[in-house]
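**Student:** sequence unknown, structure follows:
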């Protein structure tokens with residue numbers, strides 16, 4: 001457990017490879033990071049230059065080195081393209097809980113890709129990290145992300161009113177979660 005993020009494992013799903021982000025991914029990350037529509041519902045600002053993306057990649061590489069939560073890059077097997085990232089944006093080992101977050105290049109929206117990636121990350125969290133709770137949040141207007149959480153079997157817990165100040169305004173956030181026993185019940189019944 002101590003080195004889980006330093007040695008983040010590569011994970012494969014039917015259509016995806018989840019792997020560590022590298023310096024070679026800067027241009028692909030910039031491609032979606034500079035898309036205003038992609039950046040609309042995330043906590044970071046739209047990337048204006050490749051330097052913005054390099055700062056992000058340097059941060060991620062440093063997080064790996066410090067064994068702190070850091071993202072998996074999402075690679076689409078069919079075309080080999082780096083198309084997004086997914087990670088535990090927070091992890092509280094003493095409480096055995098974590099929160100996931102994700103971003104995806106716009107041409108890949110609506111194809112079940114984030115649901116596929118998040119399903120595998122949730123499995124990793126419960127089976128490899130011994131979590132008992134995994135949660136996720138989205139802006140109230142982000143219906144796409146909300147649908148992902150519903151498809152993952154997460155339960156809507158409520159709206160955190162003005163829960164975050166971002167992009168010049170207080171934002172309401174919807175909170176969803178899944179517990180280990182709910183996950184195990186889903187696996188057992190599928």
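**Tutor:** Yep, it's here. Note that the structure is a prediction, hence the values are computed from the model and not measured.

**Student:** ok, which stretches of the protein are helices?
**Tutor:** For the chain, applying DSSP state H gives helices covering 26-33, 36-39, 50-65, 113-128, 143-151, 180-189.

**Student:** which residues touch the third one?
**Tutor:** Spelled out, it's helix 50-65. 5-6, 8, 20-23, 25-27, 29-30, 33-34, 44-45, 47, 69-71 (Cβ atoms under 8 Å, 6 or more residues apart in numbering). Bear in mind the C-beta positions are built from the backbone N, C-alpha and C, glycine included.

**Student:** average pLDDT for that helix, rounded please.
**Tutor:** When pLDDT is averaged over helix 50-65, the result is 96.

**Student:** try stretch 137-150
**Tutor:** Stretch 137-150 comes out with an average pLDDT of 95.

**Student:** residues in contact with it?
**Tutor:** 41, 99, 102, 109-110, 114-115, 118, 136, 156, 159-160, 163, 171-176.

**Student:** and that stretch, what's buried?
**Tutor:** For stretch 137-150, the neighbour count (16 or more other Cβ atoms under 10 Å) marks 137-139, 142, 145-146, 148-149 as buried.
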